[in-house]
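After the sequence you'll find the predicted model.
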Amino acid sequence: MSARRAALAARRERLVAQAAAQRAALARDLAPWRAPLALADRGLAALRYLKRHPALLVGVTVAFAAWRPKRVGHGLGRAWRMWRLARRLFGP
């Protein structure tokens, strides 16, 4: 084996070891964030589901309106403001 190949092999070994150490450190540092990120991921999945199935949201709103008609006006106003804000933030 030539000296150049031996140097490249040694460098590769060092880089592989360094990458393994960095992966372990990253996993250790991100461990406390695992649960909050999983919760945020579930929330985003729920929002995507509602975006794909808007009739479900309408059905829940109608059922709530039939169940608690006095609170619907307040809730619909808030929902409308949130809807407009979401449209501005995320686009059509």
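Received the coordinates, thanks. Numbers count the residues shown, from 1 in each chain.

Regarding the residue nearest the centre of the chain, which helix or strand does it belong to?
In the chain, the residue lying closest to the centroid (Cα atoms, centre = their mean) is D41, at 3.5 Å. If you go by DSSP states H and E, D41 is part of helix 34-52.

State the mean pLDDT of that helix.
Taken as a whole, helix 34-52 carries a mean pLDDT of 91.

Pull the residues that contact the lowest-mean-pLDDT helix or strand in the chain.
Within the chain, no helix or strand scores below helix 69-90, which has a mean of 79 by mean pLDDT, DSSP states H and E. Residues from elsewhere that reach helix 69-90 (Cβ atoms under 8 Å, 6 or more residues apart in numbering): T61, F64, A65. Quick note: C-beta positions are derived from backbone N, CA and C, even for glycine.

Check which helices and strands the helix or strand hosting the first one sits against.
Going back to what we said before, that points to T61. Counting by DSSP H and E, the element that carries T61 is helix 54-67. If contacts are counted by 3 or more Cβ pairs under 8 Å, 6 or more residues apart in numbering; DSSP states H and E, helix 54-67 sits against helix 69-90.
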